[in-house]
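Peer 1: everything below, folded, please.
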Amino acid sequence: MLRYIYLLATLLLLSASLRAQPAPAAPAGKPSAAAPADSGAVLLFNGWYLPHYKATATSGADSTGALLSLFRKRRYAGCLYAIPFMVGICLALPISTTDSYGQQHVASEAISPPLGSAVLVATVVGFVMHATKFNKGHLVAVDKAYAAGKPIPAQYRQLLSERHFAEAAYLREALSQQMAREQQHASAAK
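Peer 2: Purely as a prediction, here's the structure:
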């Protein structure tokens, strides 16, 4: 029984992660007049790109970098769904213990299967909703729309804070220093 619940939970989490993948890109039939939103982008984390940004006196803060920071932090925070998932498993399934002689004893019944099942279902649904809201496809779509002149949607704009802009500035500075070092090494090697 326990094996089947773990298998079911694994399949649910796997389907949630597959569902959170971005939609396939449209075929590149006709070239765009403007540069693509990811031109000059730099790969940072697991296929997530930091879009090109050039600071000017009239431009605002680095919103695309702050969005990447927000999405990255929220995706990493998704691992916190493991805590209520483990609580639900403990409530829904009988607990086994091992005594000092090495013999395993399984409780005759679970603590509260209905409550544990409700916690498991709520956790999986919450995780799927969270993963869907902060998936890579949404970030790319928002970045492209922002590059085309549309504002950042309110659901993401209200979540942006100063720490996201500060992390974006830090990442840009670190990347520029890294690129400068790579150019120095490349010119020294010639």
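Peer 1: any figure for the gap between Ser161 and Leu70?
Peer 2: As judged by CB to CB, to the nearest Å, Ser161 and Leu70 stand 8 Å apart. (Glycine included, C-beta is placed from N, CA and C.)
Peer 1: please apply the same query to Ala110.
Peer 2: Distance from Ala110 to Leu70, by CB to CB: 39 Å.
Peer 1: got it, and Ala147?
Peer 2: Counting by CB to CB, the gap from Ala147 to Leu70 is 17 Å.
Peer 1: of those two, who's got more company?
Peer 2: Of the pair Ala147 and Leu70, Leu70 is the one with more neighbours under other CB atoms under 10 Å, namely 22 against 17.
Peer 1: helix or strand: which one has that one?
Peer 2: helix 63-77 (DSSP states H and E).
Peer 1: tell me what angle the longest helix along the chain forms with helix 63-77.
Peer 2: In the chain, ranked by residue count with DSSP state H as the criterion, the top helix is helix 162-189. Interaxial angle, helix 162-189 versus helix 63-77 (axes from the mean of the first three to the mean of the last three CA atoms, to 10 degrees): 110 degrees.
Peer 1: for this structure, which segments are assigned as helices?
Peer 2: All helices of the chain, identified by DSSP H, fall at 2-19, 63-77, 82-92, 113-133, 136-147, 154-157, 162-189.
Peer 1: reformat those helices as a markdown table; add distance to Gln103.
Peer 2: What follows is the helices of the chain, written out as a markdown table (distance: least, CB to CB, whole Å):
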| stretch | distance to Gln103 |
| --- | --- |
| helix 2-19 | 18 |
| helix 63-77 | 40 |
| helix 82-92 | 21 |
| helix 113-133 | 25 |
| helix 136-147 | 49 |
| helix 154-157 | 54 |
| helix 162-189 | 52 |
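Peer 1: of all these, which one is nearest His105?
Peer 2: For His105, the closest of the helices of the chain is helix 2-19, at 14.5 Å, according to CB to CB.
Peer 1: now do stretch 154-164: everything it contacts.
Peer 2: Stretch 154-164 is contacted from outside by 63, 66-67, 69-70, 73-74, 133, 142, 151-152, using CB atoms under 8 Å, 6 or more residues apart in numbering.
Peer 1: kindly give a single PyMOL line that selects the buried subset of those residues.
Peer 2: To isolate the buried members of the contacts of stretch 154-164 in PyMOL, using 16 or more other CB atoms under 10 Å:
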select buried, resi 63+66+67+69+70+142+152
